[in-house]
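S.K.: below: sequence and its predicted model.
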Amino acid sequence: NAGVTQTPKFQVLKTGQSMTLQCAQDMNHNSMYWYRQDPGMGLRLIYYSASEGTTDKGEVPNGYNVSRLNKREFSLRLESAAPSQTSVYFCASSVRDSVGSGNTIYFGEGSWLTVV
Amino acid sequence: GENVEQHPSTLSVQEGDSAVIKCTYSDSASNYFPWYKQELGKRPQLIIDIRSNVGEKKDQRIAVTLNKTAKHFSLHITETQPEDSAVYFCAASWHASGGSYIPTFGRGTSLIVHP
């Protein structure tokens, strides 16, 4: 099992350009997430998808869109990149909870994005 | 949503000492509290977790404690080793719409273990 795979690993964008970060998991997980990580700010949730066909905003959704293409894939799109979106992006997945609490989430390796 | 506070932001210890990282959360409905370790340039990985029906959990040199009344939980690492040097994140899972439980993370603690 590859777990959670995200691409690209590194990307440099110019302000105003668009791009899509791809994520796929092979663990048959229902829930998928996109987080961004900035120094001193921890991991902040951008969007999540509790199950195939649903998506919801997290803490910092502005400037991003997502698509849950199928159960395996969850992509993150930057329509018009800004320097403030320079960050490390992590895709993650988890089994959807069935006992009234959370479950372990598994992270991809991260995508380092620089917007100049 | 949920708000998770984590302290300290940086912790420096000598090899063999103990390290304690503390977190508080705001949503009394949260009932799953994982801890993640992130080495430099790597992804965060789960090291231990605790659910609200348990007050303490141990796994070799690491332990977590949970006080639901006070809404705080802690990570304890004993006999620290240089390979324990990393950033540690606590999290609390909150109940989102649609029945999902979403983890909210603290800002992280950079643990440095000096040989």
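M.R.: Perfect, thanks for sending it.

S.K.: for the chain, which residue is closest to the average position?
M.R.: Assuming you mean chain A. With distances taken as C-alpha atoms, centre = their mean, chain A has residue A:34 as the residue nearest its mean C-alpha position (2.3 Å).

S.K.: that's the wrong chain, I wanted chain B
M.R.: In chain B, the centroid-proximal residue (C-alpha atoms, centre = their mean) is residue B:90; its distance is 3.2 Å.

S.K.: rewinding a little: check contacts around the residue nearest to the centre of chain A.
M.R.: Taking C-beta atoms under 8 Å, 6 or more residues apart in numbering or on different chains as the definition of contact, the neighbours of residue A:34 are A:21, A:23, A:45-48, A:58, A:64, A:66, A:74, A:76, A:89-92. Every C-beta, even on glycine, is put in place using the N, C-alpha and C of the backbone.

S.K.: if you set the cut-off to 10 Å instead, what comes out?
M.R.: Going by C-beta atoms under 10 Å, 6 or more residues apart in numbering or on different chains, residue A:34 touches A:6, A:21, A:23, A:44-49, A:55, A:58, A:60-61, A:64, A:66, A:74-76, A:89-92, A:108, A:111.

S.K.: a strand runs through the residue nearest to the centre of chain B, doesn't it?
M.R.: Yes. Residue B:90 sits within a strand when classified using DSSP: H, G, I helix; E, B strand; the rest coil.

S.K.: check the residue of chain A at minimum distance from chain B and give its pLDDT.
M.R.: Nearest to chain B, among the residues of chain A, is residue A:102, at 2.7 Å (C-beta to the nearest C-beta). pLDDT for residue A:102: 70.

S.K.: likewise residue B:97?
M.R.: In this prediction, residue B:97 has a pLDDT value of 67.

S.K.: same thing with residue A:5?
M.R.: Turning to residue A:5, the model gives it a pLDDT of 97.

S.K.: in the sheet, who's paired with it?
M.R.: When bridges are called by DSSP bridges, residue A:5 pairs up with residue A:24.

S.K.: now swap in residue B:93 and tell me
M.R.: residue B:103.

S.K.: so it is in contact with residue A:45, correct?
M.R.: No. When contacts are counted by C-beta atoms under 10 Å, residue B:93 is not listed as touching residue A:45 (11.6 Å).

S.K.: mind checking the SS state of the residue nearest to the centre of chain A?
M.R.: Three-state assignment for residue A:34 (three-state DSSP): strand.

S.K.: so what pLDDT did it get?
M.R.: Residue A:34 carries a pLDDT score of 98 in this model.
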